[in-house]
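A.B. asks: Sequence isn't available, so here's the structure alone:
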Ligand SMILES: CC(=O)N[C@H]1[C@@H](OP(=O)(O)OP(=O)(O)OC[C@H]2O[C@@H](n3ccc(=O)[nH]c3=O)[C@H](O)[C@@H]2O)O[C@H](CO)[C@@H](O)[C@@H]1O
Ligand SMILES: C=C(OP(=O)(O)O)C(=O)O
């Protein structure tokens, strides 16, 4: 398994271009199952994308990929779907695989999908995905680790209230409702920008979705959708991560290809921490000024502070002038970076779902173990700021979510090297 060696203490300076959003590209790739042909542009080069490609091909889609150096485009032909099973071997690698369920069921009236894997950050149930599809008339049982879903004819429109806000279940429900019979209204929906991107793509395919970006979404079902093309939005989580890299290394970075609108939640917290964030042409400039103030955050669904920023923000707060409290409200097991940060000299204590971070004057390099995706990148941030050398083991999750991370960082002065096939 690969590892990373980082010699820290270098303020990052330069330009970083943001890639397409993983968490928009993945559901948009599954919408290709709702029609014959979909062309998608600005897809990031990530292992999760290749896993999704493999999954679609396994179902019978023909996926033609063009490599444009800094991104991919794909022509996905799903006119001959001949398999309705998403197997464990592919699905276990990635949570997003669950998004083939809604499209397969609504277009082909059947789907068998292994219970998904992904980052091990909590129980991550699928009851809401199943509940909304059952309310649309599907017969669903979970047996031997698989979700088996069938419907006689088309799914039926429904008025459905999600008892908890879920990004994934909102996405599955919207996709399923586009080909259901009648007008579906979904209440208490997630409002993440990636869901907005998905809805824009679906409307371009001929769907009729209203209330986009609100918690109440109306979908008028169609008998079929049409072929189209769509370009993926920029990755706000990648952008926020590099903004925090600028802050933690006392550097300054121009982050290109992102606008303030969709990352305001992290921008406001960085400003509160004393970091300067200015709009520039097609991006934002992020600069360390003279100190890092302690800032409390608690994660919540968008437009709140995203759980996907929590680990990186905690790394930043390890060096603040004072103490900050970071509360995780979305996932029950998303503090796996804490013991690793403590190995590097951080002073963090966990009580329930809150971490109290007492700022220290410096971090020291150490050998650490990466766990989930954002925990992994939080250790990269800590390593970039630390004195001496940090070795991060088991970094495969990083390749799921950060396109050419080492290249983007070393272009800005970081000393970061990948060891391929490290045995430790
Ligand atoms: C590929 C992708 O886009 N992943 C994102 C997605 O994950 P994901 O779609 O898995 O996250 P959800 O929004 O569904 O999960 C939120 C909470 O709801 C719970 N829940 C969810 C579904 C369900 O059927 N039952 C249930 O109880 C989960 O356990 C969790 O506690 O949104 C998360 C929250 O913003 C992000 O951290 C992930 O990066
Ligand atoms: C948690 C994440 O991914 P997944 O939902 O695929 O595990 C993430 O993108 O931070």
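C.D. replies: Okay, I see it. Computed from a prediction, not measured in an experiment: that's the story for all the values here. Ligands and ions are numbered 1, 2, ... in the order given.

A.B. asks: Residue 279: neighbour count?
C.D. replies: As a burial measure, residue 279 scores 11 neighbours (other C-beta atoms under 10 Å). Every C-beta, even on glycine, is put in place using the N, C-alpha and C of the backbone.

A.B. asks: check contacts around residue 108.
C.D. replies: Residues in contact with residue 108 (C-beta atoms under 8 Å, 6 or more residues apart in numbering) are 81, 84.

A.B. asks: do residue 94 as well
C.D. replies: Residue 94 touches 26, 48, 51, 52, 116, 117, 118, 400, counting by C-beta under 8 Å, 6+ apart.

A.B. asks: what's the answer for residue 399, then?
C.D. replies: 46, 47.

A.B. asks: Let me know the pLDDT of it.
C.D. replies: pLDDT, residue 399: 93.

A.B. asks: Is ligand 1 within reach of the helix or strand where it lies?
C.D. replies: Assigned by DSSP states H and E, residue 399 belongs to helix 396-401. No: contact of helix 396-401 with ligand 1 (C-beta under 6 Å from any ligand atom) is absent, the minimum separation being 8.5 Å.

A.B. asks: Near ligand 1, which residues of the stretch 251-400 of the chain are found?
C.D. replies: Counting by C-beta under 6 Å from any ligand atom, the residues of the stretch 251-400 of the chain near ligand 1 are 307, 308, 330, 331.

A.B. asks: Would you mind writing the PyMOL command to select the buried ones in the residues you listed?
C.D. replies: Buried residues within these, by 16 or more other C-beta atoms under 10 Å, are selected in PyMOL with:
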select buried, resi 307+308+330+331
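
A.B. asks: OK, contacts around residue 389?
C.D. replies: By C-beta under 8 Å, 6+ apart, residue 389 lies in contact with 5, 6, 7, 8, 365.

A.B. asks: residues in the stretch 51-200 of the chain within reach of ligand 2, list them.
C.D. replies: Contact residues (C-beta under 6 Å from any ligand atom) of the stretch 51-200 of the chain with ligand 2: 94, 95, 96, 118, 119.

A.B. asks: check the residues you listed against ligand 1, which are close?
C.D. replies: Contacts with ligand 1 within these, counted by C-beta under 6 Å from any ligand atom: 95, 96.

A.B. asks: thinking again about what came up before, for the helix holding residue 399, buried residues please.
C.D. replies: Here helix 396-401 shows 397, 398, 399, 400, 401 as buried, counting by 16+ other C-beta under 10 Å.

A.B. asks: closest point of the stretch 101-250 of the chain to ligand 1, which residue?
C.D. replies: residue 168 (2.7 Å; C-beta to the nearest ligand atom).

A.B. asks: wait, isn't that residue in contact with residue 98?
C.D. replies: Yes: Residue 168 lies in contact with residue 98 (C-beta atoms under 8 Å); the separation is 6.1 Å.

A.B. asks: Overlap of the contact sets of the two?
C.D. replies: Joint contacts of residue 168 and residue 98 (C-beta under 8 Å, 6+ apart) are 126, 129.

A.B. asks: Neighbour count for the two, which is higher?
C.D. replies: Ranked by neighbour count (other C-beta under 10 Å), residue 168 and residue 98 place residue 98 first, with 27 against 22.

A.B. asks: which residues in the stretch 1-150 of the chain form helices?
C.D. replies: 22-31, 47-59, 88-91, 101-108, 127-135 (DSSP state H, counting those that start in this stretch).

A.B. asks: to the chain's geometric centre, what's the distance from stretch 223-242?
C.D. replies: With C-alpha atoms, centre = their mean, to the nearest Å as the basis, stretch 223-242 stands 12 Å off its chain's centre.

A.B. asks: Tell me which residues of it come out buried.
C.D. replies: 225, 228, 230, 232-242.

A.B. asks: same check, this time on stretch 12-20
C.D. replies: Within stretch 12-20, the residues that count as buried by 16+ other C-beta under 10 Å are 12, 14, 16, 17, 18, 19, 20.

A.B. asks: Check stretch 199-214 too.
C.D. replies: For stretch 199-214, a neighbour-count test (16+ other C-beta under 10 Å) marks 199, 200, 201, 202, 203, 205, 207, 209, 211, 212 as buried.

A.B. asks: Then stretch 292-309?
C.D. replies: Using 16+ other C-beta under 10 Å as the test for burial, stretch 292-309 gives 292, 294-299, 301-302, 305-309.

A.B. asks: among those, which are in strands?
C.D. replies: Among the buried residues of stretch 292-309, the members falling in strands (DSSP state E) are 297, 298.

A.B. asks: from the contacts of residue 389, which two are the most distant?
C.D. replies: With C-beta to C-beta as the measure, no two of these lie farther apart than 5 and 8, at 10.5 Å.

A.B. asks: Run a quick neighbour tally on the residue nearest to residue 366 when sequence neighbours are not counted.
C.D. replies: In this structure, residue 366 finds its nearest non-sequential neighbour in residue 343, 4.5 Å apart by C-beta to C-beta, 6 or more residues apart in numbering. Using other C-beta under 10 Å, residue 343 has 18 other residues around it.

A.B. asks: likewise residue 85?
C.D. replies: When neighbours are counted by other C-beta under 10 Å, residue 85 registers 17.

A.B. asks: Closest to residue 284 out of the buried residues of helix 396-401?
C.D. replies: Residue 284 has its nearest neighbour among the buried residues of helix 396-401 in residue 401, at 20.1 Å by C-beta to C-beta.

A.B. asks: Distance of that closest one relative to residue 241?
C.D. replies: Taking C-beta to C-beta, to the nearest Å as the measure, residue 401 falls 9 Å from residue 241.

A.B. asks: Any chance you could list residues touching both of these two?
C.D. replies: Counting by C-beta under 8 Å, 6+ apart, the common neighbours of residue 401 and residue 241 are residue 377.

A.B. asks: Any chance of TSV for the residues of the stretch 51-200 of the chain next to ligand 2, columns pLDDT?
C.D. replies: Output for these, formatted as TSV (pLDDT from 0 to 100):
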residue	pLDDT
94	90
95	90
96	94
118	69
119	74
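
A.B. asks: thinking residue 86 is in contact with residue 57, fair?
C.D. replies: No: using C-beta under 8 Å, residue 86 makes no contact with residue 57, being 11.7 Å away.

A.B. asks: more neighbours, these two?
C.D. replies: More crowded of residue 86 and residue 57, by other C-beta under 10 Å: residue 86, with 25 against 14.
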